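prediction below, plus the sequence it came from.
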Amino acid sequence: MKKIKKKLTYINSGVNIRAAENLISPLKKGGSSKNSQILSIIGGFASLYQVDIKKYPNPVIVCGTDGVGTKLKIAMKLNKHSGIGQDLLAMCVNDVITCGADPILFLDYLATSKINVKFHQRVLLGIKKACEEINVILAGGETAEMPGFYKGNEYDLAGFCIGIIEKSKIINTKRIMQNDIILGIESSGLHSNGYSLVNKLVAKKLLSLNQMFNKSKIGNTLLRPTKIYSDIIRKIRDRLKGCAHITGGGITENLSRILPDGRSALIKIDSWKRQNIFKLIQDKANLSDQDMLGTFNCGIGMIIVVDKKNKDSVIKDCDKLNYKIFEIGNITKESRSKIIYE
């Protein structure tokens, strides 16, 4: 008698298409459907956006992509995911706005072993909420079930931001000159960088996520959402000569990226107040100031370069929008190093 082979289906393999549909159903409500520029709804194969050529007669499209990195490991250990959506959006948007662009569209990618509708909806709705708060359209995304690749509720995120700017308004870093002023806008903490080092400290039991520190658990401090700077950059972009998002590599690597040939930046490391969490990490990891400034944002999430004559007006606008801002240095003639600390 012939042996009947058991059918092996997609769902038997661990992929549930119906669960993926249920996961994104709340994302289709409101948001992009209220914006006349978006010509498609979440769930299609592609997203369509009609450019307002009255606002942008000579439009330039600006793109950026990033993830949250190993900050997700802290979120998973504490089962706290409410701020992860803002982290993902911020890491992408803060890159796109460095040229002066208006962020307009966002797409996300979530990969996991098995979709847990209730759990993963919390993550995706966090992304949607963060988008709505800064008037960016969540235009679509992708959810991938990858059984055998991730374990349990492990997941990873990636984001994709599209911005637009009138060509004549692009921030031109070639205009950066000697004696221009360097201003630093305060971060909300570590943002989403340096967590591989932090996770190593946790693994070695040099940091405890549940330990109280400055009236809060260390884990909660580490999960503070990344600050988004789109509103303040939009307000002051006409006065900016340069804008650097301070992410992995710290001030050392990221400020260097916008300096033209022949220019260096002189940074006064005592000119701003660092949050205490940075001091704690520096102590536990036994790092020098140079190590810290080349790894973490150290309390400065965005650096801008302005002409002396515009310094006071930029500081005033930052104050109005409740951003703490510090004068942290100036542009000099190029030396052996692009970034000089004193």
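In hand now; what should we look at?

pLDDT weak spots in this structure?
Scanning the chain for pLDDT under 70 picks out 1-34, 41-43.

pop the domain breakdown of it in here.
Taking automatic domain parsing as the reference, the chain has its domains at 17-169, 173-341.

how long is the longest one from one end to the other?
Using C-alpha to C-alpha, to the nearest Å, one end of domain 173-341 lies 21 Å from the other.

stretch 182-190 now?
From its first residue to its last, stretch 182-190 covers 21 Å (C-alpha to C-alpha).

tally of neighbours for residue 222?
Using other C-beta atoms under 10 Å, residue 222 has 24 neighbouring residues. For every residue, glycine as well, the C-beta is placed using N, CA and C.

what do you get for residue 310?
Residues near residue 310, counting by other C-beta under 10 Å, number 18.

do the one 4 residues further on as well
Neighbouring residues of residue 314 were enumerated by other C-beta under 10 Å; the total is 21.

ok, the residue nearest to the spatial centre of the chain - contacts?
For the chain, the residue whose C-alpha lies nearest the mean C-alpha position (C-alpha atoms, centre = their mean) is residue 91; its distance is 1.3 Å. Neighbouring residues of residue 91 by C-beta atoms under 8 Å, 6 or more residues apart in numbering: 66, 67, 68, 159, 191, 192, 226, 247.

residue contacts, the fourth one?
Residues near residue 159 by C-beta under 8 Å, 6+ apart: 65, 66, 67, 88, 89, 91, 92, 106, 107, 108, 109, 127.

please repeat the previous calculation with a cut-off of 6 Å.
With contacts defined as C-beta atoms under 6 Å, 6 or more residues apart in numbering, residue 159 is in contact with 88, 92, 108.

which of the three states applies to residue 265?
strand (DSSP: H, G, I helix; E, B strand; the rest coil).

show me the strands in the stretch 151-300 of the chain, by range?
Secondary structure of the stretch 151-300 of the chain (DSSP state E, counting those that start in this stretch): strands at 155-166, 181-186, 212-213, 216-217, 240-245, 263-267, 300-306.

sheet-wise, list the partners of the last one with their directions.
Paired with strand 300-306 in the same sheet, following DSSP bridges, are strand 181-186 (antiparallel), strand 240-245 (antiparallel).
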